[in-house]
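Student: I would like the atomic coordinates for the input below:
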Amino acid sequence: MAAIGLMNELEIVKEVDFGIYLDGGPHGEILMPKRYVPEGSKPGDVLNVFIYLDSEDRLVATNETPKAMVGEFALLKVVSVTTVGAFLDWGLPKDLLVPFREQQHPMEAGRSYLVFVYLDDESQRIAASSKLDKSVDNIPVDYEVGEEVDLIIAGQTDLGYKAIIDNSHWGMIYKNEVFQNLKVGQKLKGFIKSVREDEKIDLSLQKEGYEKIDEISQGILNKLAANEGFLPLTDKSSPELIKSTFQISKKNFKKAIGALYKHRLISLEDDGIRLL
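Tutor: Got it, this is the predicted structure:
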């Protein structure tokens, strides 16, 4: 059975002048327009395709991959706002609708928003919502401390950064444990630090067991972040220059950048250090 809004492996059942038809099971035959058909495809072949409704609400298949599929979150840009809602660029010819009722705040053309992509049960149309709380924490928490997870940065608070864990749960990365630039919509790996009795989840961007980043190292990271991620200082820089920049000795500077390099938080270049 073909799943709308997801990738599917479907068999070609026939060729026509304007494309091919795929076996969509209960959905019937699904057109794949000629411009998407891989060269040499023939009936009986199985193709990996994305299924969605075109501008005339007909099921169509494409070998293009959208920026987000049903059940996923993504940072997408508004290309227009009309009387029915905001339309987002999600990488396909037909833009993705966010109905007004699904907008956490009124959306503006040209701005990007973190949204959840869903399938409307009644219309079978793919749409998006910026009301993220509706789509998070709807299943029981089942994580192990130290488990590696996929994160999407959702926003910043006084405590730190809210992140969506595995497209399923909210988690928090505390600001005193963040040593890199984070942006809304950014995808990265993280680790479960703790699961509290109220099922609130604390996260870490480093594996448990790594030595903690000390105050000196954090100061270097903060200075890098404030200087577009680069400082023209190395272990060969003069003690005077290092002291005037960080108010620390050259010995402590070398020790700190060694730890940061080990944690893969910086790269060491010929002419300086760079934030990763």
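
Student: please name the nearest non-neighbouring residue to residue 243.
Tutor: Distance criterion Cβ to Cβ, 6 or more residues apart in numbering; nearest residue to residue 243, sequence neighbours excluded, is residue 249 at 6.9 Å. Every C-beta, even on glycine, is put in place using the N, C-alpha and C of the backbone.

Student: pull the number of nearby residues for the one you found.
Tutor: By the criterion of other Cβ atoms under 10 Å, residue 249 has 13 neighbours.

Student: what residues are up against it?
Tutor: The contact partners of residue 249, by Cβ atoms under 8 Å, 6 or more residues apart in numbering, come to 239, 242-243.

Student: what about residue 109, how many neighbours?
Tutor: By other Cβ under 10 Å, 11 other residues sit near residue 109.

Student: give me the low-pLDDT residue ranges for this structure?
Tutor: The chain contains residues with pLDDT under 70 at 179, 207-214.

Student: list phi and psi for the residue nearest to residue 243.
Tutor: The phi/psi pair for residue 249 (degrees, to the nearest 10) reads phi -80, psi 160.

Student: wasn't residue 153 part of a strand?
Tutor: Yes - the assignment for residue 153 is a strand, going by DSSP: H, G, I helix; E, B strand; the rest coil.

Student: quick one: the helices in the chain?
Tutor: Assigned by DSSP state H, the chain shows helices spanning 215-226, 239-246, 250-262.

Student: and the nearest residue to residue 52 once chain neighbours are set aside, what does it touch?
Tutor: Of all residues not flanking residue 52 in the chain, residue 126 sits nearest, at 5.5 Å (Cβ to Cβ, 6+ apart). Neighbouring residues of residue 126 by Cβ under 8 Å, 6+ apart: 4-5, 52-53, 70, 96, 117-120.

Student: what's stretch 14-25 in contact with?
Tutor: 1-2, 10-13, 29-34, 36-37, 41-43, 47, 49, 51, 59, 61.

Student: how does it look with 10 Å?
Tutor: Contacting residues not belonging to stretch 14-25 are listed as 1-4, 8-13, 28-38, 41-43, 45-47, 49, 51, 59-61 [Cβ atoms under 10 Å, 6 or more residues apart in numbering].

Student: pull out the buried positions in that stretch.
Tutor: Across stretch 14-25, burial judged by 16 or more other Cβ atoms under 10 Å covers 19-24.

Student: okay, those in CSV with distance to residue 184 next?
Tutor: Shown next, in CSV, are the buried residues of stretch 14-25 (distance: Cβ to Cβ, whole Å):
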residue, distance to residue 184
19, 39
20, 40
21, 41
22, 37
23, 40
24, 36
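
Student: can you get me a residue count around residue 251?
Tutor: By other Cβ under 10 Å, 10 other residues sit near residue 251.

Student: go on, the one 5 residues further on?
Tutor: The burial count assigned to residue 256 is 22, neighbours taken as other Cβ under 10 Å.

Student: which residues touch it?
Tutor: 213-221, 246, 248, 266.

Student: change it to 8 Å
Tutor: Counting by Cβ under 8 Å, 6+ apart, residue 256 makes contact with 214, 216-217, 220, 248.

Student: kindly report the same for residue 242.
Tutor: By Cβ under 8 Å, 6+ apart, the contact set of residue 242 is 233, 248-250, 253.

Student: ok, back up a step: distance of the residue nearest to residue 243 relative to residue 217?
Tutor: Applying Cβ to Cβ, to the nearest Å, the value for residue 249 to residue 217 is 14 Å.
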